[in-house]
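>>> Below is the structure, and that's it, no one-letter string:
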């Protein structure tokens, strides 16, 4: 009797299991494969798997195999390049030793892209999943060559997909992010205080400084609290933000809690969500605010323009005074206009960003012969 061939698995490389919206989307993809009982391994560059939130997540997803390389390239300044080289070498070695088990591998960053040759040598199909605008990933001949070696390239925004298709001369599909709807407790505090949530990793590209500047002017008019919820990815920039808070005596109204696992608790007490980024892939923060029926303001960049239903919520990311005016405008909306805006935004996300649709599209790719 012939022995049945073992079903080959899918391998997903992640820089870190928990960091921001991009990592959440990759976890959703892995969970979609898990729901279909499709064998999957998640290989994590940074971290050891001993972190509290990581241990809890692993215990909740026993259908996913996790491997940790134990690196620390995140949150470093002078050792990042050294650690990235070490990471690439370790991934090369890991794939070389274990590659025969895998039919597909999914990469989302430059570290993974540089591992394309070893995957091709081991006969593994490669999906490159662009989570950003695509410009940096296409800005050199070697990157473009590696991308064209992949079996499939996708992006999570229309703008990135069109750009990469043009530059690479290959078909790059857009697969929208999936946004998970949860039953959140509604804010019951009727105090006049304004609570602003800025959920993004601490990095110059996320542009938190413009929010601080706007709040500094706004607090002369109203009592305001602002929470910058996100992992500290750039220590130098974080120190710059702290220096500004200290200089303007804002410590009583500004908090930096770092990465927040149960961000739903913050959404429950939030009046306005702000995304001030200079660039995005798909702006998960905006979509989650829409789905949670929260007022939202977003920087006027192409990625945000692609998803907003009212241009009035956009602001110049370099103009703190404009952001201050937008905050004043949106918080003073009358009930009719406020509810109309929230309804339109909610219906847009429900129609276009179903998590099940997103998971099924990736499953279709990984099931290709």
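Yes, it's here. Here the structure is a predicted model, which means the values were calculated and not measured.

>>> Where does pLDDT dip in the stretch 251-369 of the chain?
Along the stretch 251-369 of the chain, segments meeting pLDDT under 70 span 369.

>>> quick one: the helices in it?
264-268, 284-291, 302-305, 320-331, 335-352, 355-366 (DSSP state H, counting those that start in this stretch).

>>> Between the ones you listed, which one is closest to residue 175.
Nearest to residue 175, of all these, is helix 355-366, at 4.9 Å by C-beta to C-beta. The way it works is simple: take the backbone N, C-alpha and C, and place the C-beta from them, glycine included.

>>> same for that closest one, what does it pack against?
helix 21-35, strand 102-107 (3 or more C-beta pairs under 8 Å, 6 or more residues apart in numbering; DSSP states H and E).

>>> Serialize those to CSV and add fields for distance to residue 47.
As requested, those are exported to CSV (distance: least, C-beta to C-beta, whole Å):
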stretch, distance to residue 47
helix 21-35, 11
strand 102-107, 18
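
>>> want to throw these into TSV with mean neighbour count and mean pLDDT?
Formatted as TSV, these follow (neighbours: other C-beta atoms under 10 Å; pLDDT from 0 to 100):
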stretch	mean neighbour count	mean pLDDT
helix 21-35	20	93
strand 102-107	23	97
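
>>> Could you point out which of the ones you listed sits nearest residue 42?
Comparing the helices and strands packed on helix 355-366 by C-beta to C-beta, helix 21-35 comes nearest, at 5.6 Å.

>>> Just want the angle from that closest one to helix 355-366.
70 degrees (axes from the mean of the first three to the mean of the last three C-alpha atoms, to 10 degrees).

>>> neighbouring strands for whatever helix or strand comes next after helix 21-35, and are they parallel or not?
Downstream of helix 21-35, the next assigned helix or strand under DSSP states H and E is strand 40-46. Partners of strand 40-46 in the sheet, by DSSP bridges, are strand 9-14 (parallel), strand 65-71 (parallel).

>>> now the shortest one against strand 102-107, angle please.
In other words, strand 9-14. Using the same axes, to 10 degrees: strand 9-14 against strand 102-107 is 20 degrees.

>>> quick one: residue 307 from residue 126, how far?
Using C-beta to C-beta, to the nearest Å, one gets 28 Å for the distance from residue 307 to residue 126.

>>> Revised request: answer the last question for residue 43.
14 Å.

>>> can you check residue 365 too?
Taken as C-beta to C-beta, the span from residue 365 to residue 126 is 11 Å.

>>> same check, this time on residue 269
As judged by C-beta to C-beta, residue 269 and residue 126 stand 43 Å apart.

>>> Between those two, point out the one with more neighbours.
residue 126 (22 against 15; other C-beta atoms under 10 Å).

>>> The more buried one - nearest residue in space that isn't next to it in sequence?
residue 150 (4.3 Å; C-beta to C-beta, 6 or more residues apart in numbering).

>>> Where among the strands paired with strand 40-46 is average confidence lowest?
Among those, strand 65-71 has the lowest mean pLDDT, at a mean of 90.
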